[in-house]
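**Student:** Quick one, what's the 3D model for this:
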Amino acid sequence: MTAPEVHHLNHPLIQHKLTLMREKDRSTSSFRRLMHEVSMLMAYEVTRGMPTHLVEIETPLEKTMAPMIDGKKIALVAILRAGVGFLDGMLEVVPSARVGHIGLYRDPKTLVAVEYYFKMPQEMHDRDAIVLDPMLATGNSAVAAVERLKETRPKSIRFVCLLAAPEGLRNFHAHHPDVPVYTAAVDRELNDHGYIVPGLGDAGDRIFGTK
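**Tutor:** Down below sits the predicted model:
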């Protein structure tokens, strides 16, 4: 069996912006803007290995064959609600991608993920799916989301998060060893409430200005 893949996206710009996002006094608008910028930068890294195909184009001088990613075959799958804040920057880079949504909330007592919404593009078997959620904490939501997504039989699945905890990575890859994880940082641990530390707090609350 192939060992689970974890890709640490350590580009200096990504790390710099992540540091700014961690600051507790950063405003909602600033946090949201930084999330948008970081997700754009991460999109470049996540799509690095995407296959291309040659198409005929005409330059000002002549016709030629040139490589293109088939964006219509990419499905960006946002885990609600924080994944929506992670989505827009990705769409800036791959605007022709289709978008799916998985609605999950974490039961505050059991920390188990509960599904309340699921909507995917058609013909997922032809698509490369990129699942988006800023935080991989306990991993329960990610495990449930990818398990549900696999029912649609996409060509491939990648999971992208801003921060991950070691516990979440172990849980995720215990259930989905075939799905690579792309993250900007793997933090120290989870606290007693299931939050990543040092972390950056609740990503959804900080994106949308809620408590």
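
**Student:** Can you tell me the SS state at Lys24?
**Tutor:** With DSSP: H, G, I helix; E, B strand; the rest coil as the basis, Lys24 sits in coil.

**Student:** For it, the count of nearby residues, please.
**Tutor:** Counted by other C-beta atoms under 10 Å, the residues lying close to Lys24 total 7. In short, each C-beta sits where N, CA and C put it, glycine included.

**Student:** same question, the one 3 residues further on
**Tutor:** Here the count is done by other C-beta under 10 Å, and Ser27 has 10 residues near it.

**Student:** Give the full set of residues in contact with Leu20.
**Tutor:** Neighbouring residues of Leu20 by C-beta atoms under 8 Å, 6 or more residues apart in numbering: 26, 30, 34.

**Student:** between the residues you listed, which has the most around it?
**Tutor:** That'd be Leu34 among the contacts of Leu20, by other C-beta under 10 Å, with 20 neighbours.

**Student:** Helix, strand, or coil at that residue?
**Tutor:** Put simply, Leu34 is helix when judged by three-state DSSP.

**Student:** Tell me, what's the model's pLDDT at Thr2?
**Tutor:** pLDDT for Thr2: 61.

**Student:** which intervals of the chain have sub-threshold pLDDT?
**Tutor:** Filtered on pLDDT under 70, the chain yields the residue ranges 1-2, 71, 111.

**Student:** List the buried residues in stretch 7-21.
**Tutor:** The neighbour-count check on stretch 7-21 (16 or more other C-beta atoms under 10 Å) flags 9, 14, 17-18, 21 as buried.

**Student:** ditto for stretch 147-157
**Tutor:** 148-149, 152, 154, 157.
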